[in-house]
Structures are given as structure tokens and as C-alpha cells.
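[1] just to be clear, the model below is a prediction. Sequence and coordinates:
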Amino acid sequence: LGRSSVQYDLSPNPNNIIGRAEQSPDLWIDAVIQSVCDLSNRFSLSGVSSSSSKEEEEQQQQLWILRGIGVSGQQHGMVALSDKFQPIRDAKLWCDVEAAEEAKVFSEQASSLLQNEQQNDDIKWTIPPGFTAPKVLWFLKNEE
């Protein structure tokens, strides 16, 4: 059993926008590659490089020892993609609350719909600004 991890920071916020917490999805891919290479080196596994000598091809079979990879740290984030499924901007993370106004509007509209459906004015539904739906509304309002 082996473990490797990579730490990275939030994207710069030069305008000090309150509530913004973003990261480049490229960092996540780079971190997975770096961790797999680290484990490969630690356990003397080959086949992680891009070259393909006969010896490396034979040793590549050793990579089947790898049974799984776990990646953690992401929930309620939003990665906006192009029509080619490539990120078009930094991801808005779970802790990004820049969409607070959108969350408030979303919550009011959802509560109103539920109140009408259930015929009960006491029903309230609060969507936190860190959830994905307000982020999507923020994106449509501010960047599309």
C-alpha cells in the first residue's frame, strides 16, 4: 500500500473579490500525474514514462499492481466546460461564495414554488452559496 499527495493553492485573486475561491483544473490533473509518478518511483515500477523500449514494455506489466486511485477534496465545485469538454475558466470551488446573491434569489424562488405546491407559507428552502446551482446562475449572469 502506498500513498502520495500534492498540495496546491487557490488561483490568485488580484482584485480581492470577496468570497472567490477558484483553482485551475489543470492543477488537479498535474497532481494526479505527479502522485502516480511518485508512487511508480517509490515502488520501482516502470511504464509511467512515454518512451517505449522493449524492457519498459515488459516492465509496464508491473503497473497492474496498481489497483485504485483515490482523489479527494472536491464537492459542490463547478468546472465550466467548452463544447469540446475542456475547462474554459478556473473552477469555482465548494468554498467559493461569490454567488451569494444568486443563492438568495434561488432560495426565494424555490421556497415560493414549494409553498404554492404544498399550500404552506411556512416552508423555506435555503440553498447555500457554495452549492453548484447558484454558481451556475452566477456564471450565466457574469461570464457567458
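    That came through fine.

[2] by mean pLDDT, point me to the weakest helix or strand of the chain.
    helix 54-60 (a mean of 61; mean pLDDT, DSSP states H and E).

[3] can you tell me the closest non-neighbouring residue to Leu114?
    Excluding the flanking residues, the one nearest Leu114 by Cβ to Cβ, 6 or more residues apart in numbering is Ile123, at 4.7 Å. (Glycine included, C-beta is placed from N, CA and C.)

[4] ok, now Pro25?
    Pro25 sits nearest to Pro87 (Cβ to Cβ, 6+ apart), 4.5 Å away.

[5] same check, this time on Ile17
    When the adjacent residues along the chain are set aside, Ile17 lies closest to Glu98, with 6.5 Å between them (Cβ to Cβ, 6+ apart).

[6] ok so, going back, I'd like to know how many residues surround the residue nearest to Pro25.
    Counted with other Cβ atoms under 10 Å, residues neighbouring Pro87 total 15.

[7] then Glu98?
    By other Cβ under 10 Å, neighbour count at Glu98 equals 19.

[8] verify the contact between it and Trp138 for me.
    Yes - if you go by Cβ atoms under 8 Å, Glu98 and Trp138 touch, sitting 6.3 Å apart.

[9] spit out the residues that contact these two alike.
    The overlap between the contact sets of Glu98 and Trp138 (Cβ atoms under 8 Å, 6 or more residues apart in numbering) consists of Lys92.

[10] got the contact list for the residue nearest to Ile17?
    Ile17, Ile18, Gly19, Arg20, Lys92, Pro129, Trp138.

[11] please repeat the previous calculation with a cut-off of 7 Å.
    Applying Cβ atoms under 7 Å, 6 or more residues apart in numbering, one finds that Glu98 lies in contact with Ile17, Gly19, Arg20, Trp138.
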